[in-house]
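[1] Predicted model follows, preceded by the sequence.
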Amino acid sequence: MPTQWMTQPLPTTVAELIPVMDSIVEEARRDGRRTGYFAALYAAMTRSVQAGIVNNAFVDAGRMERLCVVFAHRYLDAFREWRRGAAPTMAWAMAFGATRQSDITVVQHLLLGINAHINLDLGIAAQQTSPGSALADLETDFDHINGVIASLMNTVKDTLATLAWPVRFLDDFTGNADDVIANFSIRIARDEAWAFAVRLNGDATQDVQDAIRRRDDHVASLADRIVRPGWLANVVLKPILWSEPRDVRHIVTILQEMSRSVGSPSTS
């Protein structure tokens, strides 16, 4: 049975996004769905962006809100399509499809969502928010939103270490946990997303949909490397997987609590 957010118009403000994200997390918690892992991270990010808007952390708060909404719509649209049995982008199809797997870690599930959303969606959302000559002015705030995501990943890793103690050794073993898994780096993803936005923006004669399809194919190949990262990464990941709780509801609940505890707006 479709949930309320799937049948209503998509939110048009950051404040409206938060209850939608929370409802996705709560539904996943109730039903024991791993889709709640990334949704909890996203709800935390949305709260952090809202706090930044309230506290004047961005160069242009109104533009950042537009970017956040356009960006979120790509995730929500993809999730709706997948839930209805239709085909979202390949990157999102792989991320959502992997939520049926019990043989990869929570960190991998989160990186699959981040991969689809930053490597594919963010460049598209940036160009749509500030097309033409306005794009260059967006870059500072564009970098800021990626900083929010990177910071939240550190918070998430600290949270996951309370569930599976080997998580705390990821950074010690590798220098950076993100680099273990398919050499995934949020910084590199940010830079590539910006380059993609510039490419989409730079040639009015190009076939934009073809460029997006080709980008989606590349991002899907990165997703495959996150799911199957190789033996060295598995030396670290398998002990984490064996230590994680088997109860998906419990993991979602912990991430839900984390999400609600960060990024709360302050007017101080």
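    Ah, there it is.
[2] so where is the stretch 101-250 of the chain shaky, pLDDT-wise?
    Within the stretch 101-250 of the chain, the segments meeting pLDDT under 70 span 166-185, 203-206.
[3] can you give me the helices in it?
    All helices of the stretch 101-250 of the chain, identified by DSSP state H, counting those that start in this stretch, fall at 106-114, 123-129, 135-161, 170-174, 177-180, 186-202, 208-227, 231-243, 248-261.
[4] nearest to Asp60, of the ones you listed?
    Proximity to Asp60, assessed across the helices of the stretch 101-250 of the chain by C-beta to C-beta, is greatest for helix 135-161 (6.5 Å). Backbone N, C-alpha and C define where each C-beta goes, glycine included.
[5] Show me what counts as buried in that closest one.
    135, 138, 141-142, 145-146, 148-149, 151-153, 155-157, 159-161 (16 or more other C-beta atoms under 10 Å).
[6] cool, stretch 99-117 as well?
    If you call a residue buried by 16+ other C-beta under 10 Å, then stretch 99-117 has these buried ones: 99, 104-117.
[7] Tell me how far that stretch lies from the chain's centre.
    Computed by C-alpha atoms, centre = their mean, to the nearest Å, the chain-centroid distance of stretch 99-117 equals 10 Å.
[8] Ends of that stretch, what's the gap?
    Across stretch 99-117, the terminal residues are separated by 16 Å (C-alpha to C-alpha, to the nearest Å).
[9] one step back: with distance to Phe79 added, can I get the helices of the stretch 101-250 of the chain in a markdown table?
    Output for those, formatted as a markdown table (distance: least, C-beta to C-beta, whole Å):
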| stretch | distance to Phe79 |
| --- | --- |
| helix 106-114 | 10 |
| helix 123-129 | 15 |
| helix 135-161 | 18 |
| helix 170-174 | 28 |
| helix 177-180 | 24 |
| helix 186-202 | 20 |
| helix 208-227 | 16 |
| helix 231-243 | 25 |
| helix 248-261 | 15 |
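[10] Those helices: which one's closest to Pro11?
    Per C-beta to C-beta, nearest to Pro11 of those: helix 123-129, 14.4 Å.
[11] now what about the closest one, what contacts it?
    Helix 123-129 is contacted by residues 63, 66-67, 70-71, 74, 135, 138, 142, 192-197, 199-201, 212, 215 when judged by C-beta atoms under 8 Å, 6 or more residues apart in numbering.
[12] Look up how far Ala193 lies from the closest residue to Leu237 other than its chain neighbours.
    Nearest non-adjacent residue to Leu237, counting by C-beta to C-beta, 6 or more residues apart in numbering: Thr105, 5.4 Å away. Distance, Thr105 to Ala193, using C-beta to C-beta, to the nearest Å: 24 Å.
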